[in-house]
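Enquirer: for reference, the sequence and a predicted model appear below.
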Amino acid sequence: MITSTSFFRLLLAFLLLCPLTFGQKLQQQQLRKLMSGVDVDVPENDTRANQPQTYRELKLRWADSTKSSTTLRTEAQTQAPRVSVLEDKRRSGTLPRQRSLELAPTLMFVAAVDASNKLRWWSIMPDPRVVRSETQTATGELRRQDYYVSSVTLVVAFPDDPEIATLRFYHPVWNGTDFDLKPLSVVATR
(Lines give C-alpha, C1' and ligand atoms only; values in the text may rest on other atoms or scores of the structure.)
Protein backbone atom coordinates (compact mmCIF):
# COMPACT_ATOMS: atom_id res chain seq x y z
CA MET A 1 0.00 0.00 0.00
CA ILE A 2 1.32 3.42 -0.95
CA THR A 3 1.00 6.02 1.76
CA SER A 4 0.32 9.65 0.95
CA THR A 5 3.89 10.53 1.98
CA SER A 6 5.32 7.91 -0.42
CA PHE A 7 3.02 9.09 -3.17
CA PHE A 8 4.13 12.71 -2.77
CA ARG A 9 7.79 11.69 -2.75
CA LEU A 10 7.30 9.75 -5.99
CA LEU A 11 5.37 12.66 -7.50
CA LEU A 12 8.09 15.10 -6.47
CA ALA A 13 10.83 12.88 -7.96
CA PHE A 14 8.82 12.60 -11.19
CA LEU A 15 8.28 16.35 -11.40
CA LEU A 16 11.97 17.02 -10.80
CA LEU A 17 13.20 14.51 -13.39
CA CYS A 18 10.73 15.31 -16.20
CA PRO A 19 11.96 18.88 -16.83
CA LEU A 20 15.55 17.64 -16.74
CA THR A 21 14.84 14.96 -19.34
CA PHE A 22 12.77 17.37 -21.45
CA GLY A 23 15.54 19.98 -21.22
CA GLN A 24 18.15 17.46 -22.35
CA LYS A 25 16.01 16.44 -25.35
CA LEU A 26 15.46 20.08 -26.28
CA GLN A 27 19.19 20.79 -26.01
CA GLN A 28 19.92 17.72 -28.17
CA GLN A 29 17.52 19.03 -30.85
CA GLN A 30 19.11 22.50 -30.74
CA LEU A 31 22.56 20.95 -30.99
CA ARG A 32 21.52 18.75 -33.92
CA LYS A 33 20.14 21.81 -35.79
CA LEU A 34 23.25 23.88 -35.03
CA MET A 35 25.71 21.17 -36.09
CA SER A 36 23.80 20.28 -39.26
CA GLY A 37 24.93 23.67 -40.63
CA VAL A 38 28.57 22.54 -40.41
CA ASP A 39 27.99 18.91 -41.51
CA VAL A 40 28.65 17.27 -38.15
CA ASP A 41 26.34 14.43 -37.08
CA VAL A 42 24.97 14.45 -33.55
CA PRO A 43 24.25 10.91 -32.28
CA GLU A 44 20.94 10.09 -30.60
CA ASN A 45 22.60 9.19 -27.30
CA ASP A 46 24.65 11.79 -25.48
CA THR A 47 28.24 10.54 -25.71
CA ARG A 48 29.28 13.09 -23.08
CA ALA A 49 27.52 11.01 -20.41
CA ASN A 50 30.18 8.28 -20.65
CA GLN A 51 33.30 10.39 -20.23
CA PRO A 52 36.55 8.66 -19.35
CA GLN A 53 38.17 9.40 -15.98
CA THR A 54 40.95 11.34 -17.72
CA TYR A 55 41.01 14.36 -19.96
CA ARG A 56 43.50 16.15 -22.16
CA GLU A 57 44.61 19.75 -22.12
CA LEU A 58 45.95 21.21 -25.33
CA LYS A 59 47.84 24.46 -25.08
CA LEU A 60 47.45 26.13 -28.47
CA ARG A 61 49.09 29.08 -30.18
CA TRP A 62 46.47 30.80 -32.35
CA ALA A 63 47.82 33.32 -34.86
CA ASP A 64 46.08 35.23 -37.60
CA SER A 65 48.14 34.69 -40.73
CA THR A 66 47.83 38.29 -41.94
CA LYS A 67 48.30 40.51 -38.87
CA SER A 68 51.01 41.07 -36.32
CA SER A 69 50.39 39.97 -32.73
CA THR A 70 49.84 43.54 -31.47
CA THR A 71 47.21 44.58 -34.00
CA LEU A 72 43.68 45.09 -32.68
CA ARG A 73 40.78 45.05 -35.08
CA THR A 74 37.01 45.25 -34.97
CA GLU A 75 36.20 42.35 -37.33
CA ALA A 76 36.79 38.63 -37.00
CA GLN A 77 39.53 37.30 -39.24
CA THR A 78 38.61 36.20 -42.75
CA GLN A 79 41.58 33.89 -43.41
CA ALA A 80 42.17 30.64 -41.54
CA PRO A 81 44.48 31.14 -38.57
CA ARG A 82 47.66 29.19 -37.94
CA VAL A 83 47.05 27.01 -34.91
CA SER A 84 49.87 24.99 -33.42
CA VAL A 85 49.95 22.68 -30.39
CA LEU A 86 52.42 23.90 -27.76
CA GLU A 87 51.62 21.27 -25.09
CA ASP A 88 49.47 18.16 -24.79
CA LYS A 89 48.88 16.97 -21.21
CA ARG A 90 46.77 14.15 -19.83
CA ARG A 91 45.01 14.87 -16.53
CA SER A 92 42.97 12.82 -14.04
CA GLY A 93 39.30 13.57 -13.53
CA THR A 94 36.31 14.46 -15.65
CA LEU A 95 35.28 17.74 -17.16
CA PRO A 96 32.18 19.63 -16.08
CA ARG A 97 29.20 19.19 -18.40
CA GLN A 98 28.02 22.14 -20.42
CA ARG A 99 24.49 22.63 -19.10
CA SER A 100 23.15 25.04 -21.72
CA LEU A 101 23.60 25.84 -25.36
CA GLU A 102 23.67 29.62 -25.01
CA LEU A 103 25.75 31.25 -27.73
CA ALA A 104 27.03 34.79 -28.20
CA PRO A 105 29.40 36.53 -30.64
CA THR A 106 32.01 36.84 -27.87
CA LEU A 107 32.08 33.07 -27.31
CA MET A 108 33.74 30.20 -29.15
CA PHE A 109 32.08 26.83 -29.77
CA VAL A 110 34.46 23.84 -29.61
CA ALA A 111 33.38 20.49 -31.09
CA ALA A 112 35.32 17.25 -30.60
CA VAL A 113 34.58 15.12 -33.65
CA ASP A 114 35.52 11.53 -34.52
CA ALA A 115 36.87 10.26 -37.86
CA SER A 116 33.34 9.56 -39.17
CA ASN A 117 32.24 13.18 -38.57
CA LYS A 118 30.22 12.42 -35.43
CA LEU A 119 30.15 14.76 -32.47
CA ARG A 120 31.75 13.16 -29.38
CA TRP A 121 31.84 16.19 -27.06
CA TRP A 122 31.30 19.95 -27.18
CA SER A 123 31.93 23.04 -25.11
CA ILE A 124 31.38 26.77 -25.19
CA MET A 125 34.14 29.04 -23.94
CA PRO A 126 34.90 32.76 -23.96
CA ASP A 127 36.63 33.65 -27.23
CA PRO A 128 40.25 34.26 -26.14
CA ARG A 129 40.78 36.57 -29.12
CA VAL A 130 38.22 39.10 -27.85
CA VAL A 131 39.46 42.17 -26.01
CA ARG A 132 36.83 44.56 -24.71
CA SER A 133 37.35 48.30 -24.56
CA GLU A 134 35.06 50.66 -22.66
CA THR A 135 35.32 54.40 -23.18
CA GLN A 136 33.28 57.23 -21.77
CA THR A 137 31.19 59.35 -24.15
CA ALA A 138 30.76 63.12 -23.82
CA THR A 139 27.52 62.51 -21.88
CA GLY A 140 29.28 60.22 -19.38
CA GLU A 141 27.88 56.94 -20.69
CA LEU A 142 30.18 53.98 -21.19
CA ARG A 143 30.59 52.79 -24.77
CA ARG A 144 31.74 49.21 -25.33
CA GLN A 145 33.86 48.08 -28.29
CA ASP A 146 35.07 44.53 -28.90
CA TYR A 147 38.31 43.90 -30.77
CA TYR A 148 39.98 40.72 -31.96
CA VAL A 149 43.62 40.17 -31.03
CA SER A 150 45.53 38.53 -33.86
CA SER A 151 47.68 36.21 -31.72
CA VAL A 152 46.72 34.39 -28.52
CA THR A 153 47.63 31.33 -26.48
CA LEU A 154 44.72 29.28 -25.20
CA VAL A 155 44.13 26.04 -23.31
CA VAL A 156 41.36 23.66 -24.36
CA ALA A 157 40.40 20.71 -22.17
CA PHE A 158 38.47 17.77 -23.66
CA PRO A 159 37.82 14.14 -22.69
CA ASP A 160 40.66 11.66 -23.28
CA ASP A 161 38.49 9.74 -25.74
CA PRO A 162 40.50 7.77 -28.35
CA GLU A 163 37.63 8.26 -30.84
CA ILE A 164 38.15 12.04 -30.94
CA ALA A 165 40.12 12.84 -34.10
CA THR A 166 39.80 16.63 -34.29
CA LEU A 167 38.80 19.68 -32.33
CA ARG A 168 36.82 22.10 -34.46
CA PHE A 169 36.56 25.74 -33.45
CA TYR A 170 33.57 27.85 -34.47
CA HIS A 171 32.51 31.46 -34.08
CA PRO A 172 28.75 31.93 -33.37
CA VAL A 173 27.23 34.39 -35.85
CA TRP A 174 23.73 35.81 -35.39
CA ASN A 175 21.66 35.48 -38.60
CA GLY A 176 18.72 37.57 -37.38
CA THR A 177 16.70 34.74 -35.85
CA ASP A 178 19.26 32.23 -34.57
CA PHE A 179 22.98 31.53 -34.37
CA ASP A 180 24.97 29.85 -37.13
CA LEU A 181 28.48 28.48 -36.67
CA LYS A 182 31.29 29.95 -38.74
CA PRO A 183 34.26 27.53 -38.96
CA LEU A 184 37.49 29.01 -37.65
CA SER A 185 40.01 26.18 -37.37
CA VAL A 186 40.48 22.43 -37.05
CA VAL A 187 43.14 20.88 -34.80
CA ALA A 188 44.09 17.19 -35.07
CA THR A 189 44.19 15.41 -31.71
CA ARG A 190 45.90 12.18 -32.77
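Expert: Arrived safely, thanks for sending. Residues are numbered from 1 along each chain as shown.
Enquirer: how is the nearest residue to Ala104 once chain neighbours are set aside assigned, secondary-structure-wise?
Expert: Counting by C-beta to C-beta, 6 or more residues apart in numbering, Ala104 lies nearest to Pro172, which is 6.4 Å off, once chain neighbours are set aside. Bear in mind the C-beta positions are built from the backbone N, C-alpha and C, glycine included. Following DSSP: H, G, I helix; E, B strand; the rest coil, we place Pro172 in the strand state.
Enquirer: list the beta-bridge partners for Pro172.
Expert: Under DSSP bridges, the beta-bridge partners of Pro172 are Leu181.
Enquirer: report the contact partners of Ala165.
Expert: Val113, Asp114, Ala115, Ala188, Thr189, Arg190 (C-beta atoms under 8 Å, 6 or more residues apart in numbering).
Enquirer: so what's the third one up against?
Expert: What it means is Ala115. By C-beta under 8 Å, 6+ apart, the contact set of Ala115 is Glu163, Ala165.
Enquirer: returning to what we had before: these two touch, right, the residue nearest to Ala104 and Val110?
Expert: No - Pro172 is beyond contact range of Val110, at 11.5 Å (criterion: C-beta atoms under 8 Å).
Enquirer: of the contacts of Ala165, buried ones?
Expert: By neighbour count, with 16 or more other C-beta atoms under 10 Å, these hold Val113, Asp114, Thr189 as buried.
Enquirer: what pLDDT does the spatially closest residue to the last one that is not a sequence neighbour get?
Expert: Read that as Thr189. Once flanking residues are discounted, Thr189 sits nearest to Ile164: 5.3 Å by C-beta to C-beta, 6+ apart. Here the pLDDT value assigned to Ile164 is 96.
Enquirer: equivalent analysis for the one 3 residues further on, please.
Expert: Residue-level confidence at Leu167 comes out at 97, pLDDT.
Enquirer: isn't there a helix covering Arg32?
Expert: Yes - assessed with three-state DSSP, Arg32 lies in a helix.
Enquirer: how much space between the closest residue to it other than its chain neighbours and Tyr170?
Expert: Using C-beta to C-beta, 6+ apart and skipping residues adjacent in sequence, the residue nearest Arg32 is Val42, 4.4 Å away. Separation of Val42 from Tyr170 (C-beta to C-beta, to the nearest Å) stands at 14 Å.
Enquirer: the two: which is more packed in?
Expert: The residue with more neighbours, out of Val42 and Tyr170, is Tyr170; 25 against 19, by other C-beta atoms under 10 Å.
Enquirer: next up, the contacts around Tyr170.
Expert: Each residue near Tyr170 by C-beta under 8 Å, 6+ apart is listed here: Val38, Met108, Phe109, Val110, Ala111, Leu181, Lys182, Pro183, Leu184.
Enquirer: and for the last one, the neighbour number?
Expert: Using other C-beta under 10 Å, Leu184 has 20 other residues around it.
Enquirer: hmm, which helix or strand of the chain has the shakiest average pLDDT?
Expert: For the chain, the helix or strand with the lowest mean confidence is strand 72-73, at a mean of 44 (criterion: mean pLDDT, DSSP states H and E).
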